[in-house]
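Peer 1: structure of the sequence below:
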Amino acid sequence: MSTQLTGLELVGDIIREHYDLGEVQTPRPLEGTHQRRHRKMVVETSSGVFVAKTYKNDPVTIDALYFQHHLSHHLEQNGLPVAHIQPTRDGRTFVILDTWCLELQEFIDGHCMFVNSVTLEISGSALGRFHQVCQGIPVPPRDTRKWRFSEVPRDIFERFYAMALQERNDATVKGHYENLNLFLKQASEALDIDKRYAFETGLIHGDWHGGNLLFQGDQLKAIIDLEFAGDGCYLEDISYAVSNLCIRTTTSIEKMAFRTQTLLNAYERHRTLSYAERVALYYAVGIKHITTVAYQTPQQGGRVAGYTPAQWIAILDIQTRWLAEQSSKARWGG
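Peer 2: Okay, here's the model as predicted:
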């Protein structure tokens, strides 16, 4: 049989050949998902509904798949919900063909996380549990002291600022810009490479946001997208979570404080944050948040979550001032 990926019917034939699932219908594209890295399809069978993913067959991808499937099994064994990987007829976790390979996993009928007090607590607890149960697991080697949000790339930030000025060139926008620059200076000091050795490292998820947490109502059904999992600072995962789930959608001091404390309290039921992590966390959140907004603004035609650059620079100023205050309180008390 040819192993050139020529259509959905061929994927169906591969599944019929390698899996014991009874009748297998022709796969259909999985709607509403990014197809950049992998092709994703829904497959209905006599044994249930599955998601099929295809990957390139190369040594790096194969090694990554083995690790992701080992991690998925480990999480499942430790009570954390994941999309179960369907074994092939010969007991493997994916099919290897000439130039590509195929994975089949359980289809989770759920939605991305809606932020409320219940889901924030569940998410924080799940992240803390993830870090706890994965301690000691062998992970792919990488420099654990290099993490993605130690600083905001200046070219991206300046391009974002230029867009804000083009929209509204006045003292208000320039004032917000100066405030953000002060925050970035303070953040670079708090997250300096020499200080990062005080942050605990281990296996992290690498992309903890609401889209990778599938819920049914207020019940977490699956933690998905383990592609970025690997050795890193726990602070990276936590800053992702706080930025995406607690800060991004509000400028309300009360909401930011309540959401952040709810998530962190739940997290610390499983792993306690160190003093160094608490001080640095809020700057890491700000770095991640500014980078995301600045990067996405030109990518999304000048609006992110409905806001223009001039609106966002004001929002970021409010949010980062609150974050700096929380870091100061963590350092000095109060």
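
Peer 1: return the list of helices and strands in contact with the worst-scoring helix or strand of the chain on mean pLDDT.
Peer 2: Of all the helices and strands that make up the chain, strand 230-233 has the lowest average by mean pLDDT, DSSP states H and E, namely a mean of 90. If you count contacts as 3 or more Cβ pairs under 8 Å, 6 or more residues apart in numbering; DSSP states H and E, strand 230-233 packs onto strand 201-204. Backbone N, C-alpha and C define where each C-beta goes, glycine included.

Peer 1: name the strands paired with whichever helix or strand comes after the strand it packs on and say parallel or antiparallel.
Peer 2: The helix or strand immediately downstream of strand 201-204 is strand 213-216, counting by DSSP states H and E. Based on DSSP bridges, the pairing partners of strand 213-216 within the sheet are strand 111-112 (antiparallel), strand 219-223 (antiparallel).

Peer 1: M256: which of those strands is closest?
Peer 2: Between M256 and the strands paired with strand 213-216, the shortest separation by Cβ to Cβ is 20.6 Å, and it involves strand 111-112.

Peer 1: buried residues, whatever helix or strand comes next after the closest one. List them.
Peer 2: Heading C-terminal from strand 111-112, the first helix or strand you meet, by DSSP H and E, is helix 117-133. Under the neighbour-count criterion of 16 or more other Cβ atoms under 10 Å, helix 117-133 has 119-131, 133 buried.

Peer 1: so where's this protein uncertain?
Peer 2: 1-6, 32-37, 142-148, 334 (pLDDT under 70).

Peer 1: one more pass at 80, please.
Peer 2: Under the criterion of pLDDT under 80, the regions of the chain flagged as low confidence span 1-6, 31-38, 140-149, 193-196, 334.

Peer 1: tell me how it divides into domains.
Peer 2: Per automatic domain parsing, the structural domains of the chain span 8-107, 117-332.

Peer 1: most packed of the ones you listed?
Peer 2: Per-stretch averages of neighbours, counted by mean count of other Cβ atoms under 10 Å, single out domain 117-332 among these, with a mean of 18.

Peer 1: okay, the residue lying closest to V242 once chain neighbours are set aside and L323: tell me how far apart.
Peer 2: Using Cβ to Cβ, 6 or more residues apart in numbering and skipping the chain neighbours, the partner closest in space to V242 is V285 (4.7 Å). Between V285 and L323 the distance, using Cβ to Cβ, to the nearest Å, works out to 6 Å.

Peer 1: shared neighbours of these two, anything?
Peer 2: With contacts taken as Cβ atoms under 8 Å, 6 or more residues apart in numbering, the residues that reach both V285 and L323 are I247.

Peer 1: next, the contact list for the closest residue to G211 other than its chain neighbours, please.
Peer 2: Distances taken as Cβ to Cβ, 6+ apart put C112 closest to G211, at 4.7 Å, once the chain neighbours are dropped. C112 sits next to G210, G211, L213, L214, F215 when contact means Cβ under 8 Å, 6+ apart.

Peer 1: so the last one touches K221, yeah?
Peer 2: In other words, F215. Yes. The pair F215 and K221 passes the contact test of Cβ atoms under 8 Å, sitting 6.2 Å apart.

Peer 1: Three-state assignment for K53, please.
Peer 2: Each residue gets one of three states, and K53 gets strand by DSSP: H, G, I helix; E, B strand; the rest coil.

Peer 1: pretty sure it contacts R39?
Peer 2: Yes. At 7.0 Å, K53 and R39 qualify as touching, with contact defined as Cβ under 8 Å.

Peer 1: from K288, how far out is the residue most central in space within the chain?
Peer 2: For the chain, the residue whose C-alpha lies nearest the mean C-alpha position (Cα atoms, centre = their mean) is D207; its distance is 1.7 Å. With distances taken as Cβ to Cβ, D207 is found 11 Å from K288.

Peer 1: now I62
Peer 2: Relative to K288, and taking Cβ to Cβ, I62 is found at 31 Å.

Peer 1: hmm, back to that, downstream of the least confident helix or strand of the chain, the next helix or strand is which one?
Peer 2: In the C-terminal direction, the helix or strand that comes right after strand 230-233 (DSSP H and E) is helix 234-242.
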